[in-house]
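> pasting a predicted model and its sequence here:
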Amino acid sequence: MRDPRIRQLAANLAGYSVKVKPGENVLIEMIGSERELLKSLIEEVAKLGGNPFVEIEDRSVLRTLLLNATDEQLQTWAAYDLERMQRMDAYIGIRAGDNANELADVPADRMKAYDRIHRHPVHMEQRVKKTRWVVLRYPNSAMAQSANMSTEAFEDFYFNVCNLDYAKMDRAMDPLQKLMARTDKVRIVGPGTDLSFSIKGIGAQKCSGERNIPDGEVYSCPVRDSVNGTISYNTPSVYNGFTFENIKFTFENGKIVEASANDTERINALLDSDEGARHIGEFSLGFNPFILHPMKDTLFDEKIAGSLHFTPGQAYEVTDNGNRSSIHWDLVLIQRPEYGGGEVYFDDVLIRKDGLFVIPELEGLNPDLLK
């Protein structure tokens, strides 16, 4: 008998997140060995009248493929994956791999080629822009280990996070979305951070369980050439299998002119992937009340209560500053007191201090009211 929390999650994903309609094609992509959620999703999509399709990926096999793939092979691979994605109305991506660092020793030039030739056209251009989609992690022992929790405790945490009342959260986001949409100047201040930019005319987007599970953010994007100052991130981030830590960027007129990390050479090579990689494609405030500490998993970490992320690379079409890149790298700064604190100002007005919203219309997004 399946865990009823799994059935509830599958129903939320199919019915609320991607809103499957009769006759629609839905691609369910599973990375890892989890099967109970996969089977529940197939049943829920079919129950709603949709046509479920399944792709199962093993990251250790992907590693071997990438170590041996030519550019010509990547182009063929991308062509048939793109054709399949073009036939889909909705996409549900489940990430349940056992080793987040499985791709760490794939050479950088191969990962760049894979990003440019395959992931960018198939996912950033087709899936993100032209399907209804949601992406989520699924709890396993590897994730529990990253979160410094027992597997059972992590599963309880996971279902609290993923099955919360996202419709309630959606309503609480309205004032922040409206405020961001009319804001010009943003300033972020904290230890090692003093950053200023404009979001004038870009707009803002709510994220309340319709694209990511877990969710809990409102995002915009800087005017491309408006970013100046320095940001010091305090959350580790895994990208292409390598864990980056102590990341620090200095900006001049929108461009990252200095970048350092625990591997400064590697991070600069990544930022040199293309011209857009040194510009920012997203600015977001995170506030999921159940997610408090980083676990080296972007889908969780970017929603941490009292956090923000400031993202090198591709901009989303709905909040577009024109930046184009093969990467989109959500890097997180937590501003709660135990992580050093910090302030966020909109048009010179303090709107969040030490991770808590301080103006009345936004207080509904603080953890005690969202749980």
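Noted; the coordinates are in hand.
> now do the helices in the stretch 1-150 of the chain.
4-11, 36-47, 59-68, 71-86, 108-114, 128-130, 141-146 (DSSP state H, counting those that start in this stretch).
> likewise the stretch 201-350 of the chain?
Using DSSP H, counting those that start in this stretch, helices in the stretch 201-350 of the chain cover 264-271, 298-301.
> which residue is the nearest non-sequential neighbour of Pro139?
Excluding the flanking residues, the one nearest Pro139 by Cβ to Cβ, 6 or more residues apart in numbering is Tyr158, at 4.2 Å. The way it works is simple: take the backbone N, C-alpha and C, and place the C-beta from them, glycine included.
> and the gap between the one you found and Pro236?
20 Å (Cβ to Cβ, to the nearest Å).
> more neighbours, these two?
Counted by other Cβ atoms under 10 Å, Tyr158 and Pro236 do not tie: Tyr158 has more neighbours, with 25 against 19.
> can you pull the pLDDT of the more buried one?
Predicted confidence (pLDDT) for Tyr158: 87.
> so who does it touch?
Neighbour list for Tyr158: 137-139, 143 [criterion: Cβ atoms under 8 Å, 6 or more residues apart in numbering].
> quick check, nearest of the residues you listed to Val61?
Tyr138 (18.6 Å; Cβ to Cβ).
> just the buried positions in the helix or strand of the chain with the lowest mean pLDDT, please.
Least confident helix or strand, the chain: helix 141-146 with a mean of 80, by mean pLDDT, DSSP states H and E. For helix 141-146, the neighbour count (16 or more other Cβ atoms under 10 Å) marks 142-144, 146 as buried.
> and the contacts of it?
Identification of contacts with helix 141-146 by Cβ under 8 Å, 6+ apart yields 97-100, 137, 150-151, 153-155, 158, 295-297.
> quick one, the following helix or strand past it and helix 4-11 angle?
Using DSSP states H and E, the helix or strand that directly follows helix 141-146 along the chain is helix 151-162. Interaxial angle of helix 151-162 relative to helix 4-11 (axes from the mean of the first three to the mean of the last three Cα atoms, to 10 degrees): 40 degrees.
> shaky segments in the stretch 151-300 of the chain?
Filtered on pLDDT under 70, the stretch 151-300 of the chain yields no residues whatsoever.
> so which residues of it form strands?
185-190, 193-198, 205-207, 212-213, 217-220, 228-232, 237-239, 242-244, 248-252, 255-260, 280-286 (DSSP state E, counting those that start in this stretch).
> paired strands for the longest one, with orientation please.
Yep, that's strand 280-286 we're talking about. Using DSSP bridges, strand 280-286 pairs in its sheet with strand 217-220 (antiparallel), strand 307-312 (antiparallel).
> likewise the fourth one?
The strands that strand 212-213 pairs with in its sheet are strand 132-137 (parallel) (by DSSP bridges).
> got the buried residues for the strand it pairs with?
For strand 132-137, a neighbour-count test (16+ other Cβ under 10 Å) marks 132-137 as buried.
> quick one: it to chain centroid distance?
When distances are taken as Cα atoms, centre = their mean, to the nearest Å, strand 132-137 is centred 10 Å away from the chain's centroid.
> before we move on, what about stretch 45-65?
20 Å.
> same thing with stretch 187-203?
Using Cα atoms, centre = their mean, the distance from the centre of stretch 187-203 to the centre of the chain it belongs to is 20 Å.
> okay, how far is it across it, tip to tip?
From its first residue to its last, stretch 187-203 covers 17 Å (Cα to Cα, to the nearest Å).
> from Pro214, how far off is the residue nearest to the spatial centre of the chain?
Centroid-nearest residue in the chain: Leu299, 4.7 Å away (criterion: Cα atoms, centre = their mean). Leu299 sits 7 Å away from Pro214, going by Cβ to Cβ.
> what distance do you get for Leu285 to Gly216?
Using Cβ to Cβ, Leu285 is found at 10 Å from Gly216.
> no, scratch that, I was asking about Ser17
From Ser17 to Gly216 the distance is 14 Å (Cβ to Cβ).
> please say which of these two ends up with more neighbours.
Under the criterion of other Cβ under 10 Å, the comparison of Ser17 against Gly216 puts Gly216 first, with 29 against 24.
> excluding residues flanking it in the chain, which one is nearest the more buried one?
Asn288 (3.3 Å).
> burial of the closest residue to Lys255 other than its chain neighbours, as a residue count?
Leaving aside its chain neighbours, Lys255 sits nearest to Arg278 (5.1 Å; criterion: Cβ to Cβ, 6+ apart). Applying other Cβ under 10 Å, we find 21 residues neighbouring Arg278.
> follow-up on the earlier one: list the contacts for the residue nearest to the centre of the chain?
Counting by Cβ under 8 Å, 6+ apart, Leu299 touches 95, 135-137, 212-214.
> could you redo the last one with a cut-off of 10 Å?
By Cβ atoms under 10 Å, 6 or more residues apart in numbering, Leu299 lies in contact with 93, 95, 135-137, 212-215, 291, 330.
> and these, which is closest to Met169?
Distances from Met169 to these, taken by Cβ to Cβ, are shortest for Asp215, at 7.5 Å.
> in this structure that closest one contacts Cys207, no?
Yes: using Cβ atoms under 10 Å, Asp215 is in contact with Cys207, at 5.0 Å.
> okay, and the common contacts of these two?
Common contacts of Asp215 and Cys207 (Cβ under 10 Å, 6+ apart): 166, 169-170, 286, 288, 302-303.
> and which of these is nearest Ala259?
Comparing these against Ala259 with Cβ to Cβ places Glu302 closest, at 19.5 Å.
> that closest one contacts Asn288, doesn't it?
Yes: assessed by Cβ under 10 Å, Glu302 is found in contact with Asn288 at 9.3 Å.
> what's the pLDDT at Arg137?
pLDDT, read off for Arg137, is 83.
> which residues does it form a beta bridge with?
Beta bridges link Arg137 to Arg95 when assigned by DSSP bridges.
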